[in-house]
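S.K.: Model the structure of this input:
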Amino acid sequence: MSSTPDGADVEMDTSTAEERTEPITPANYDAEGEDVDMESHGTELPPPSTPPSRAQPTTVAEESMDVPSTPAPTTPVSRTSLATPFGVSASVMSTPQQPSQPKKDTPRLMISKLAVENFKSYAGVREIGPFHKCFSSVVGPNGSGKSNVIDALLFVFGKRAKKLRLSKVSELIHKSTNFQNLKEARVSVYFQDIVDTGDGDEDYSVVPGSQLVVTRTANSTNQSKYFLDGQPSTFTEVTTLLRQRGIDLDNNRFLILQGEVEQIAMMKSKADNPHDEGLLEYLEDIIGSNKYVEPTEEALKQVESLNEARVDKLNRVKVVEKEKGNLEDAKAEAQEYLEKERDVYIKTNVMFQCFVHESTSNRAECQTKRDGMQAKVDAEMARMAEHRKALEVMQGEYDDVHAAYATVKADMETVEAEFAEFEKRDVQVREEIKFAKKKVKDHDAVYAKEQKKQADLESTIADNEAKQPGLEESLEHDKTGLHTAEQSLEDMIESHKEESARLRVIMEEKQSAMLPFSQEVLTLRASIGTLETEMALLRESTTQAKEDLTQSKAAIKAAEKSVVDVQAQATAMEAEVHTMQTRLKAAKAELVEAQTQEAAVNKDYQVAKAKADDATHSIQSHATQNRMLKSLMNAARPGFELQHAGLVGRLGDLGAIDAKYDVAISTACGSLDNLVVETTHGAQQCVAFLRQHNLGRAT
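M.R.: From the prediction side, this is the model:
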């Protein structure tokens, strides 16, 4: 089976089945148990699994048709197209010589092959195909397996067992001598979308991702399952998907069984009433053109209605043309009036254009002056900006010098404070040195006096010790007065010992008394050395401070000189800034004056523009009113829409005004443009006419 380009599917009982490596013998066993002879058609159907019961060939007839068969040829025959006179393929070989090629570059659905497993007369797994791209029918003698192929397709498409001439689906499972207890039958149909690229058998390309495999199984418990691309599915999902892919499962137009060909041939050419079905309705249903029947009838009715309207319009046109000939004089008069009115509008427009041109010229002149003034102001502002930048640079230099001056001044003040402190410390140290020297001098005098006393004592002791040996020698020579002499000597020695001891004690006391003074003298001498060192350091620091002070004073003088220079430059810059400010004020005054002039010119320009706009608006309004009035007056002529509306005309045209009162009356009376009608109903008709033809609004 294949889907035709227009979406109609044609049933085929194909003879192009799975190719076998062994040829089919003339005698084969029919699925219904009959021995038949089969024609060889190139690609053979796989043989049934049940062996033949008789080897004698018999005559063959197509199923459900009493047509005598002819002996089967021994060689393959060429496959020709057997078409009915009304264009439905009753039986077509699998490889037609001149197939009807579908439209190129349009994807269409085709069946690439069938795979059956234990289904009816097929034991095991059998593959039928691949099919030709224009495969559309299955033909063959009785018993060749046409019904099995068609039943396999019907089985996958969800038909019940009764549609397959069976009472239950378990009867679809193959059963033969060699295969007695098979549990399941399976049929898979392989679909794919293709695009024809030529007229050859292989001139097509498969649309990527369009392959679809629909599988249905039936088991011995009368249960059936569906699969889409190997995944479990349901009857609803399968049938919905097949309908989406263009297979008509509702009217069964996707398969034409061989028994239905005769019924189709016997149909009337066209149904007698809407409830019957003829060949025309049948073909339109297959092709899908029946959906255009109602729109065609509606279109015919619409054409008939439009023809009637056209006749009515033509009659009206004839009447209008007749009236048009009668209105030629009025037309000429109206054209003359319109030409004069156009001349008035042209002259009025020229006058307003002159006003606009004059105002534009004055505005351009003022704009030129303003641009010149603005250029001068911009130049002065640029110069002031440059001077400000230079002043900022000088101010920065002045700030740097002033900061350096402040730093040097602070350092100088610090050094002066340190120098004053050092001078104060120097005076104090000098006083301390002077006091220490005086104290040392006093101690030296005391020390010299004590040393003199000590020398006297030592001299006395030495004299006494020098006298002692002579006295002892006298003692030994003077024996006679030994006792008296010894007594005198002992008394003298005793007295001398006490004196010596007393003198030694005095000397030790003096030495003890001198010891602190000696220590103090040493301390004072050390203090004098330290003070002299400090004095040297102070003199050195004072000298360095004096040098730093001298350098600071020189730097201060240089900074003061720089400050004077910067102040002079700043004074000059301030004078120049003052001059620039004066010039800027003058330029601003000129700018204000120019802006005043510009405002005056703009005011004049706005007044002129307002006049021009008013004139333009007046012209447009007048033109609109004239168009509205003209349309209404034309429609009020005999034979037109408003002929019975009672339209009299414009209120201002129904009377005459003296020329000198024209402006006053026109200004005071704003309703001169109103239209006068005889009745309220006529006014409503005029308003409806304007709204219908988009000619303006009126109340």
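S.K.: how's the protein carved up into domains?
M.R.: Domain assignment of the chain by automatic domain parsing yields the ranges 2-287, 331-619, 636-692.
S.K.: Looking at the ones you listed, spot the one closest to Arg310.
M.R.: Ranking the domains of the chain by proximity to Arg310 (C-beta to C-beta) places domain 636-692 first, at 19.3 Å. Backbone N, C-alpha and C define where each C-beta goes, glycine included.
S.K.: For the closest one, measure first residue to last.
M.R.: Terminal residues of domain 636-692 are spaced 15 Å apart (C-alpha to C-alpha, to the nearest Å).
S.K.: least reliable of the domains of the chain going by mean pLDDT?
M.R.: Lowest mean pLDDT within those: domain 2-287, at a mean of 69.
S.K.: could I get the domains of the chain as JSON lines with mean neighbour count and distance to Val311?
M.R.: Converted to JSON lines, the domains of the chain look like this (neighbours: other C-beta atoms under 10 Å; distance: least, C-beta to C-beta, whole Å):
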{"stretch": "domain 2-287", "mean neighbour count": "16", "distance to Val311": "31"}
{"stretch": "domain 331-619", "mean neighbour count": "13", "distance to Val311": "28"}
{"stretch": "domain 636-692", "mean neighbour count": "14", "distance to Val311": "18"}
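S.K.: of these, which approaches Leu314 most closely?
M.R.: Comparison of those against Leu314 by C-beta to C-beta identifies domain 636-692 as nearest, at 15.0 Å.
S.K.: So what's the gap between that closest one and the chain middle?
M.R.: Relative to the chain's own centre, domain 636-692 is displaced by 61 Å; criterion: C-alpha atoms, centre = their mean, to the nearest Å.
S.K.: hang on, the earlier thing: using CSV, please lay out the domains of the chain together with distance to Gly325.
M.R.: Listed next are these as CSV, based on distance: least, C-beta to C-beta, whole Å:
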stretch, distance to Gly325
domain 2-287, 53
domain 331-619, 10
domain 636-692, 12
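S.K.: my guess is Phe227 is in a strand, correct?
M.R.: Yes. Assessed by DSSP: H, G, I helix; E, B strand; the rest coil, Phe227 belongs to a strand.
S.K.: from memory it sits against Ser233, does it?
M.R.: Yes. If you go by C-beta atoms under 8 Å, Phe227 and Ser233 touch, sitting 5.9 Å apart.
S.K.: any idea where the helices of the stretch 401-550 of the chain begin and end?
M.R.: Ranges of helices in the stretch 401-550 of the chain, per DSSP state H, counting those that start in this stretch, are 482-635.
S.K.: I misspoke; the intended subject was the stretch 201-350 of the chain.
M.R.: For the stretch 201-350 of the chain, applying DSSP H, counting those that start in this stretch gives helices covering 235-244, 260-265, 279-287, 293-326, 328-477.
S.K.: Output the contacting helices and strands for the first one.
M.R.: Helix 235-244 sits against strand 212-219, strand 224-228, with contacts defined as 3 or more C-beta pairs under 8 Å, 6 or more residues apart in numbering; DSSP states H and E.
S.K.: who's in contact with it?
M.R.: Residues outside helix 235-244 that contact it (C-beta atoms under 8 Å, 6 or more residues apart in numbering): Phe157, Gly158, Leu212, Val214, Arg216, Tyr226, Leu228, Leu249, Asp250.
S.K.: which among those residues gets closest to Lys585?
M.R.: Top of the list for closeness to Lys585, among the contacts of helix 235-244 and by C-beta to C-beta, is Leu212 at 92.6 Å.
S.K.: Would you mind listing the residues in contact with that closest one?
M.R.: For Leu212, the contact set (C-beta under 8 Å, 6+ apart) comprises Tyr190, Phe191, Gln192, Leu228, Asp229, Leu241, Arg245.
S.K.: Of all the helices of the stretch 201-350 of the chain, which one is nearest Arg504?
M.R.: Proximity to Arg504 (C-beta to C-beta) singles out helix 328-477 among these, at 8.1 Å.
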